[in-house]
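**Q** sequence below, structure please.
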Amino acid sequence: MSHHGGDINVGLDSLTSNVLEYEFENGRRYHGYKAGSYPLPNDEAEWERMDIKHHVFTLLCSGSLHLAPLVKPRIILDIGTGTGIWAIEMADQYPESAIIGTDLSPIQPTWLVCEASARYNRPVPHHDDYKAWFEEAGFQDVTQYVFKSPTNPWPKSKILKEAGKFQLLAHLEGIEGISLALMTRAMNWKPEEVSVLSARMRPELKDKSIHSYQPHLVVFGRKPGKA
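**A** Residues are numbered from 1 along each chain as shown. Next up, the predicted model:
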């Protein structure tokens, strides 16, 4: 989601109100924003169905995420992103591209804290920024390692699954503490609104059908003149 200039307050206000509210009917949960315009639910069972359909399409496309002849795309737009799984995998395949996912329901992994950090004048850096900062500071032979840390134990790899368990624990224990000051100071949220958002994020963080990860970095360099 991106905002420009004066539109930012409108976009953020809508996110804090009816976009985060849901309607319930016949035991299923539905979107609250423009309620009734989309007939399918947005609950956990629907997340599973959408990710299954994503897997079906990937199989039909011989493992490819797209058939369009893309060459270093600058911006990729995913309209109706659903759980965000295609957008996340495209971001993995095209790390230099800006990925924008839009949907009636904010059921994707929640990145609102990044928006709040930017408004608090403490933007979350891109993982490539650190190496550039080392080089700008005059360090030589700068080396960067990027480790993909899964956000929960979804991978098949034993090591990554173990890392995902602890990453999930860190998120569950820290999500409210990470969000509280940023959201109340930068976004003018009430503490109870942050608590509600944190509670809604926890099932998403635990959902192993969402194959997301965070980059963890190690960057080092040599001072000029040192062998």
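
**Q** all helices for this protein, in order.
**A** All helices of the chain, identified by DSSP state H, fall at 7-16, 44-60, 85-93, 112-119, 129-136, 158-186, 191-206.

**Q** take those and write them to a markdown table, including mean neighbour count, mean pLDDT and distance to residue 33.
**A** From N, CA and C alone the C-beta is placed, and that goes for glycine too. Shown next, in a markdown table, are the helices of the chain (neighbours: other C-beta atoms under 10 Å; pLDDT from 0 to 100; distance: least, C-beta to C-beta, whole Å):
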| stretch | mean neighbour count | mean pLDDT | distance to residue 33 |
| --- | --- | --- | --- |
| helix 7-16 | 14 | 38 | 7 |
| helix 44-60 | 14 | 84 | 16 |
| helix 85-93 | 19 | 84 | 19 |
| helix 112-119 | 17 | 72 | 15 |
| helix 129-136 | 15 | 92 | 33 |
| helix 158-186 | 15 | 89 | 20 |
| helix 191-206 | 15 | 85 | 14 |
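
**Q** quick one: which of those helices is nearest residue 99?
**A** With C-beta to C-beta, the closest approach to residue 99 among the helices of the chain belongs to helix 85-93: 4.6 Å.

**Q** now do the closest one: distance to the chain's middle.
**A** Distance of helix 85-93 from the chain centroid (C-alpha atoms, centre = their mean, to the nearest Å) equals 10 Å.

**Q** what packs against that helix?
**A** Here helix 85-93 touches helix 44-60, strand 75-79, strand 98-102, going by 3 or more C-beta pairs under 8 Å, 6 or more residues apart in numbering; DSSP states H and E.

**Q** what's the longest one packed up against?
**A** It stands for helix 44-60. If you count contacts as 3+ C-beta pairs under 8 Å, 6+ apart, helix 44-60 packs onto helix 85-93.

**Q** hmm, back to that, out of the helices and strands packed on helix 85-93, which is closest to residue 25?
**A** For the helices and strands packed on helix 85-93, proximity to residue 25 was assessed by C-beta to C-beta; helix 44-60 is nearest, at 13.1 Å.

**Q** and that closest one, how far out from the chain's middle?
**A** So, by C-alpha atoms, centre = their mean, the centroid of helix 44-60 is 18 Å from its chain's centroid.

**Q** ends of stretch 180-197, what's the gap?
**A** Length of stretch 180-197, first residue to last, C-alpha to C-alpha, to the nearest Å: 10 Å.

**Q** what do you get for stretch 61-75?
**A** This stretch, stretch 61-75, spans 22 Å end to end (C-alpha to C-alpha).

**Q** again with stretch 56-70
**A** Using C-alpha to C-alpha, the two ends of stretch 56-70 sit 22 Å apart.

**Q** please apply the same query to stretch 38-50.
**A** Distance across stretch 38-50, first residue to last, is 15 Å (C-alpha to C-alpha).

**Q** now do that stretch: everything it contacts.
**A** By C-beta atoms under 8 Å, 6 or more residues apart in numbering, the residues outside stretch 38-50 that reach it are 22, 28-31, 82-83, 85, 104-105, 107, 203, 207, 209-210.

**Q** highest neighbour count among these?
**A** Sorting those by how many neighbours each has (other C-beta atoms under 10 Å) puts residue 83 first, at 27 neighbours.

**Q** quick one on the thing from earlier: and the helices and strands packed on helix 85-93 as a markdown table, adding distance to residue 136?
**A** Shown next, in a markdown table, are these (distance: least, C-beta to C-beta, whole Å):
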| stretch | distance to residue 136 |
| --- | --- |
| helix 44-60 | 40 |
| strand 75-79 | 26 |
| strand 98-102 | 23 |
